[in-house]
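Chemist: compute the structure for the input listed below.
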Amino acid sequence: MLSEAEVSPLVTRVRFIYEPNQKIDYKTKLSVSDVVNPIEIVSTTKDGQKTKLSGVSGNGTEDGMIYSFSSNLLDDPQSLVLKLRGEPGKVYDDLQEAEKHMLELKIK
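Modeler: Numbering: from 1, shown residues only. A predicted model of the protein is given here:
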């Protein structure tokens, strides 16, 4: 589950945690990391300008995962939407088909 989002002028970080109070084995953690694989954040300013914030890094932690993206905080974004792959391991014929299956999480 999405645990927190940190937005600063230099970087935007999102943190996912595994289900609290549950023991999860390594194989399950790998499966979860295949599913929770953010692609980008789409930022929209109040004048409607959309900017794609690209991924900078991603790391596993003891209780989840942290992903870092570029930031455009100085543009005063009105919304930030995190996009994740829809079906892990699926190969799409074209980009439009892949975009239809993406999951979106509004973080601002």
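
Chemist: who is the residue nearest the centre of the chain paired with across the strands?
Modeler: For the chain, the residue nearest the mean C-alpha position is residue 38 (3.5 Å; C-alpha atoms, centre = their mean). As for beta bridges, residue 38 partners with residue 84 under DSSP bridges.

Chemist: my read is that it contacts residue 68, right?
Modeler: No. In this structure residue 38 lies outside contact range of residue 68 using C-beta atoms under 8 Å: 10.0 Å. All C-beta atoms are positioned from the backbone trio N, CA, C, and that covers glycine.

Chemist: overlap of the contact sets of the two?
Modeler: 55, 58 (C-beta atoms under 8 Å, 6 or more residues apart in numbering).

Chemist: what residues does the residue nearest to the centre of the chain make contact with?
Modeler: Contacts of residue 38 by C-beta under 8 Å, 6+ apart are 14, 55, 58, 67, 69, 82, 83, 84.

Chemist: count the residues that sit near the residue lying closest to residue 63 once chain neighbours are set aside.
Modeler: Spatial nearest neighbour of residue 63, chain neighbours left out: residue 17 (5.2 Å); criterion: C-beta to C-beta, 6 or more residues apart in numbering. Residues within reach of residue 17, counting by other C-beta atoms under 10 Å, total 15.

Chemist: can you check the pLDDT for residue 17?
Modeler: Listed pLDDT for residue 17 reads 89.

Chemist: start at 741 instead
Modeler: Renumbered: residue one is now 741, and that last one reads residue 757.

Chemist: ok, it touching residue 804?
Modeler: Yes. In this structure, residue 757 is within contact of residue 804 by C-beta under 8 Å, at 3.8 Å.

Chemist: no more questions from me, cheers.
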